[in-house]
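Chemist: need a structure here:
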Amino acid sequence: MHEHSAHADQVYASAQSAAASSPVVASWRRCMTMHRLAPEEKRLPVRLTEQEYRNAREQSERLVADATDELDRLFLTVGKAGCCLLLTDRDGIALERRGAAGDDKEFGDLGLWTGSVWTEASIGTNGIGTAIADERSVAIIRDQHFFCSNINLSCTTAPIRDHRGQLAGALDVSTCREDINDVTLSILSQTVRDAAMRIELNLFRSAFAGARFVLVPTESGASSALLAVDRNDIVLGATRAARLALKLDDRRIAAGLPASDALHESHRGARENLLEAERAALLRALSRAHGNVSQAAIALGMSRATLHRKMKKFDLH
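Modeler: Numbering: from 1, shown residues only. Got it, this is the predicted structure:
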């Protein structure tokens with residue numbers, strides 16, 4: 001009980017201090033000033049009714065579908081280490097859970113279960129709620145939690161964004177192990193971020209099924225910076241990383257933006273573009289016909305002689 005009292009005193013002192021604060025202290029302040037919470041309270045996260053939970057899952061059906069395989073893979077990696085996984089929507093509602101049966105009671109007693117709401121308003125500073133509030137990856141370790149009842153819990157969380165770069169949910173790994181250290185936590189945090197990124201890419205590909213995907217060069221070499229492009233080289237969508245790298249927004253994309261313009265590729269005249277497009281069409285036809293000129297001509301709807309003339313024009317013989 002003394003430990004709980006000391007934690008509550010620390011939260012009050014830090015949140016009320018005028019000194020520069022960390023993201024954790026900023027969250028403590030939100031819990032006190034915005035949500036009117038007190039750190040000494042003993043409470044569990046808000047739980048939805050069965051109907052409310054079903055509605056939440058239906059609204060995030062695509063998120064759950066595109067995250068399932070990643071959740072299973074991640075649990076195979078961390079499940080035996082006494083970790084619990086939660087996938088939530090943008091409102092902090094736990095939609096999916098992975099956990100070992102032997103750990104279920106401990107995590108269930110904390111409310112780490114489907115249908116629970118892990119926002120800051122519901123349960124104070126925590127990995128999911130703070131990641132959603134700040135829209136960034138966070139790790140909330142033991143006494144960094146707001147409520148005294150959660151100071152034995154450590155969690156690392158990464159936000160998940162949809163095909164428009166908007167917040168869609170969060171992926172969390174939590175543990176009650178006392179022996180977790182900075183190195184283990186750092187590895188775990190990176191693992192969660194990587195899994196969240198793969199879920200984002202799944203969401204992006206699902207949203208633009210049938211499109212061509214172009215990797216956008218970035219200073220960091222991020223593999224998450226993608227453009228979805230149609231057959232006419234018009235950008236259909238961009239991941240958040242691509243939007244940041246190319247300064248794109250919904251308005252520019254909706255206006256009909258050529259991928260070459262978005263990527264700042266060198267501009268050619270209209271005639272050069274037409275000639276290049278024609279040359280590319282001939283090359284594709286010849287490639288599909290394995291170099292057989294007669295078959296390529298049939299596929300292009302022209303005579304063999306006409307194709308030969310065009311091949312000569314573009315030096316394709």
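Chemist: quick check, Thr68 in contact with Leu95.
Modeler: No. Counting by Cβ atoms under 8 Å, Thr68 stays clear of Leu95, with 10.6 Å between them. C-beta: built from backbone N, CA, C; applies to glycine.
Chemist: who has more neighbours, those two?
Modeler: Leu95 (20 against 14; other Cβ atoms under 10 Å).
Chemist: partners of the helix or strand where Gly169 lies, with directions?
Modeler: Element membership for Gly169 (DSSP states H and E) is strand 167-175. Under the criterion DSSP bridges, strand 167-175 sits next to strand 83-89 (antiparallel), strand 154-161 (antiparallel) in its sheet.
Chemist: helices along this protein, start to end?
Modeler: Taking DSSP state H as the test, the helices found in the chain are 2-16, 23-33, 50-59, 61-78, 104-110, 120-123, 127-134, 182-207, 240-246, 250-254, 259-262, 270-288, 293-300, 304-313.
Chemist: lowest average confidence across these, which one?
Modeler: With a mean of 68, helix 270-288 has the lowest mean pLDDT of these.
Chemist: quick one on the thing from earlier: put together CSV for the strands paired with strand 167-175, with mean pLDDT and distance to Leu188 on each row.
Modeler: Listed next are the strands paired with strand 167-175 as CSV, based on pLDDT from 0 to 100; distance: least, Cβ to Cβ, whole Å:
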stretch, mean pLDDT, distance to Leu188
strand 83-89, 96, 8
strand 154-161, 96, 5
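Chemist: for Pro23, which of those strands is the nearest?
Modeler: Smallest distance to Pro23 across these (Cβ to Cβ): 12.5 Å, for strand 154-161.
Chemist: now the closest one, how far from the centre of its chain.
Modeler: Its chain's C-alpha centre and that of strand 154-161 lie 10 Å apart, by Cα atoms, centre = their mean, to the nearest Å.
Chemist: turn the helices of the chain into TSV, including distance to Gln166.
Modeler: Shown next, in TSV, are the helices of the chain (distance: least, Cβ to Cβ, whole Å):
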stretch	distance to Gln166
helix 2-16	30
helix 23-33	21
helix 50-59	14
helix 61-78	12
helix 104-110	29
helix 120-123	19
helix 127-134	12
helix 182-207	11
helix 240-246	8
helix 250-254	10
helix 259-262	19
helix 270-288	34
helix 293-300	42
helix 304-313	47
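Chemist: go through those helices and pick out the most buried.
Modeler: The highest mean neighbour count among the helices of the chain, using mean count of other Cβ atoms under 10 Å, belongs to helix 127-134: a mean of 26.
Chemist: and Ser220, how many neighbours?
Modeler: Ser220, neighbours per other Cβ under 10 Å, totals 9.
Chemist: hey, what's the residue most central in space within the chain bridged with?
Modeler: Nearest to the geometric centre of the chain sits Ile160, at 2.9 Å (Cα atoms, centre = their mean). Judged by DSSP bridges, the bridge partners of Ile160 are Gly169.
Chemist: how close does it sit to Phe147?
Modeler: Note on Ile160: its distance to Phe147, by Cβ to Cβ, to the nearest Å, is 25 Å.
Chemist: what does Arg62 give?
Modeler: Arg62 is 33 Å from Phe147, by Cβ to Cβ.
Chemist: swap in Ser189?
Modeler: 22 Å.
Chemist: Arg304 too?
Modeler: Taken as Cβ to Cβ, the span from Arg304 to Phe147 is 79 Å.
Chemist: cool, Ser154 as well?
Modeler: Look at Ser154 and Phe147: by Cβ to Cβ, they are 14 Å apart.
Chemist: what of Ala289?
Modeler: In terms of Cβ to Cβ, Ala289 sits 69 Å off from Phe147.
Chemist: who has more neighbours, these two?
Modeler: When neighbours are counted by other Cβ under 10 Å, Phe147 comes out ahead of the other of Ala289 and Phe147, with 25 against 16.
Chemist: shouldn't the more buried one be in contact with Ile123?
Modeler: Yes. With contact defined as Cβ under 8 Å, Phe147 counts as touching Ile123 (6.7 Å).
Chemist: could you pull out the residues contacting both of the two?
Modeler: Jointly contacting Phe147 and Ile123 under the rule Cβ atoms under 8 Å, 6 or more residues apart in numbering are Arg43.
Chemist: run a quick neighbour tally on the residue nearest to Ser5 when sequence neighbours are not counted.
Modeler: Of all residues not flanking Ser5 in the chain, Glu40 sits nearest, at 7.5 Å (Cβ to Cβ, 6 or more residues apart in numbering). Using other Cβ under 10 Å, Glu40 has 15 other residues around it.
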